[in-house]
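J.: let's see this in three dimensions:
(one chain, ligands or ions: 2)
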Amino acid sequence: GSGLSSESLSGLSAPYDELYYRGVRAYFREDWERAAEFLEKSISTRDKLQQTRRKCHDEYKEDFTLWDLGILDWIQVRAECVRFCMGRSVSPAALLPVSSDIEYEFGTRNAYNYLQVTYYKLDKMAKAASAAHTFFVANPSHLEMRNNIEKYRRLLGVKEESFLDREREQEQHWVSSTEGNLQSAVKKWKECVNETLKQTEECRAQCVMASRVIPEEPDNVQGIYERAADLSLSLLSCKQMCVTLVSTRPGRVSALEDFLPLQLEHLHIAQFKAGDLKGAVETLRSLLLFYPTDSDFLSNLELYTQTLEGDTEAQETGGPVPVVGVTVTMDDQGLNGTNRVVLDGVLSQSECDRLMQLATVMGDGYRGRRSPHTPHEKFEGLTVLRALKLAQDGLVNQSDARLLHEIGETVKVLMDSYFRSHSVLYFAYTHLVCRSAIPEVLGRSDLSHPVHVDNCILEPETRQCWREAPAFTHRDLSAVLYLNDDFEGGEFFFADRDAKTVTARVKPKCGRLVGFTSGPVNPHGVTAVTAARRCALALWLTTEKHHRDMRLKNCPQWKKPRQREEQRERKSDRQAR
Ligand SMILES: O=C(O)CCC(=O)C(=O)O
Ligand SMILES: [Fe+2]
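T.: Ligands and ions are numbered 1, 2, ... in the order given. Alright, predicted model coming up:
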């Protein structure tokens, strides 16, 4: 032993393996002071080294794709940075890799075995008890240590709080009692999951930082690419090992299988019991990353999401229909579902005719085109803005274009009232759509409009509905107003989330409106139009102001006095029927 004083150990100058062996040698020399000093120093040095690695790892954690050009350059630069960062607080000797023997010593907490005896000899009973306990946690079948602990407790009267597990930070994610109230169970499991994730992260950072850097000059034996590949592979297998390490309880040899999923399962149950369905859904989604096809998880997820949607999509439907001549033909019950309605008498025959007229002159990009939904139909669409433009250019009747707008307002009033909307509604989009059969296509099994949900992406296999782009997630209410019935097929239908089971059918006709909430309780579609042309005005309403159809804003043409005349005309027209 050189005169390595405790002052010179304050930085990370001496490697912890060296300190450890010094401690062990002192122990066998029965130089207890020294043994305690070096063993403790070795433990704290190892801790500090790991912390420094983590710090430097996080400092240079940058996202990059493996196939970036110059990846090797990047690796080199990063290695440089990391070396610099580590070099600030760690001496070159302390940066060298240690043998697997020493890691085994630390893994089995053998240092605490030595320390227990050492402190006992030094007559530091509290410290001895703590070291004994720390060792015993990782070596629960070590009978001698069990006896020692008993001795500290009974004979030497060491207080209970002295039996501290000095490595307890490494075991936090193993605490799994289910006592306490529901809220605290949720909190506890969440901590467990987070701790497991944190430790895995931690472990992986150690893998990255402990791995050897690529030498600047490739040697003759192996090319730089082979070396890089080697390095990547060993890094990957080290990172992979972390899952096993973190799920191996101290004192056990084998890892607990499915450790993280198990914790997630506990968490989701706790969340469900505590009534935190949103949290339960989140947790289940994480679980499904491990087991994407687990039928229990999937059915739970469906149950929770449906309950949640029931909450948000729930409307006290069945409000009044405050427009003369409009009647409720089918409600939730008649349509075998929730938040659905069929209203009749929304348009007069002459209004339908005028809109059909408008539909014949349209050309909104779809003109004469194949339907985006089926190769066997043509599809024409006209937006309100386009109608207005056509009216300005004198291509269609101004009053017909205006009619389109007024009808929209009427539909909004009806939907607002029937669905008892609690917030102000705005038009999100309005579209006049005609679907025409391409003649001579027989025996069709396609749909004019496949089953879908208007504000989310329906995934029939999992019965999930993803509220994300490209779905129009801001749509809250959907309304389809029909203009004619002189065609074949083209029935509107509501379906189950499996996109197969039809739950209700609606046969279009002039002035009939089908209204429903745009969310997952209302998947729907349209059967094939097998002859002639089917036209409908589709409208979507939103409560989100910033999603309102900007094209409808400030259209002065529609505020002229003639509007009132027109309205009176419509009313008398309707009553005349
Ligand atoms: O035309 C119909 O009956 C329904 C159309 C529809 O569901 C849609 O455009 O989203
Ligand atoms: Fe739809």
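
J.: C-alpha only now, for contacts and for neighbours.
T.: Noted.

J.: flag the shaky bits of the stretch 51-200 of the chain, pLDDT-wise.
T.: Low-confidence segments of the stretch 51-200 of the chain, defined by pLDDT under 70: 61-76, 175-180.

J.: what parts of it come near ligand 1?
T.: Counting by Cα under 6 Å from any ligand atom, no residue of the stretch 51-200 of the chain lies close to ligand 1.

J.: and for the stretch 401-550 of the chain?
T.: Within the stretch 401-550 of the chain, the positions near ligand 1 by Cα under 6 Å from any ligand atom are 454, 480, 492, 525-526, 536.

J.: next one: the host helix or strand of Glu226 to chain centre, how far?
T.: For Glu226, the host element (DSSP states H and E) is helix 224-246. Centroid separation between helix 224-246 and its chain, computed with Cα atoms, centre = their mean, to the nearest Å, is 28 Å.

J.: pLDDT of the helix or strand following it, averaged?
T.: Downstream of helix 224-246, the first helix or strand assigned by DSSP H and E is helix 259-273. If you average the pLDDT over helix 259-273, you get 89.

J.: quick revisit: which elements pack onto the helix holding Glu226?
T.: Packing contacts for helix 224-246, counted by 3 or more Cα pairs under 8 Å, 6 or more residues apart in numbering; DSSP states H and E, involve helix 182-210.

J.: for Asn522, the count of nearby residues, please.
T.: Around Asn522 sit 25 other residues, with neighbours defined as other Cα atoms under 10 Å.

J.: pretty sure it is in contact with Phe494, am I right?
T.: Yes: with contact defined as Cα atoms under 8 Å, Asn522 counts as touching Phe494 (6.6 Å).

J.: CSV for the residues of the stretch 401-550 of the chain next to ligand 1, including secondary structure and neighbour count?
T.: CSV is the format used below for those (DSSP: H, G, I helix; E, B strand; the rest coil; neighbours: other Cα atoms under 10 Å):
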residue, secondary structure, neighbour count
Asp454, coil, 25
Val480, strand, 23
Phe492, strand, 20
Gly525, strand, 22
Val526, strand, 20
Ala536, strand, 27
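
J.: tell me the one of these nearest ligand 1?
T.: Minimum distance to ligand 1 across those is 4.8 Å, recorded for Phe492 (Cα to the nearest ligand atom).

J.: tell me who's in contact with the closest one.
T.: Counting by Cα atoms under 8 Å, 6 or more residues apart in numbering, Phe492 makes contact with 505-508, 524-527.

J.: ChimeraX command for the buried members of the residues you listed?
T.: The ChimeraX selection below is limited to those of the contacts of Phe492 classed as buried (16 or more other Cα atoms under 10 Å):
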select :505,506,508,524,525,526,527
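
J.: look up how far Val384 lies from Glu191.
T.: 54 Å (Cα to Cα, to the nearest Å).

J.: between the residues of the stretch 401-550 of the chain next to ligand 1, which is nearest Leu235?
T.: Nearest to Leu235 out of these is Asp454 (Cα to Cα; 46.2 Å).

J.: surely Phe427 touches Ala538?
T.: No: in this structure, Phe427 is not within contact of Ala538 by Cα under 8 Å, at 11.0 Å.

J.: these two - which one has more neighbours?
T.: Phe427 (24 against 20).

J.: secondary structure element for that one, which one?
T.: If you go by DSSP H and E, Phe427 is part of strand 426-437.

J.: Phe494 too?
T.: Counting by DSSP H and E, the element that carries Phe494 is strand 492-495.
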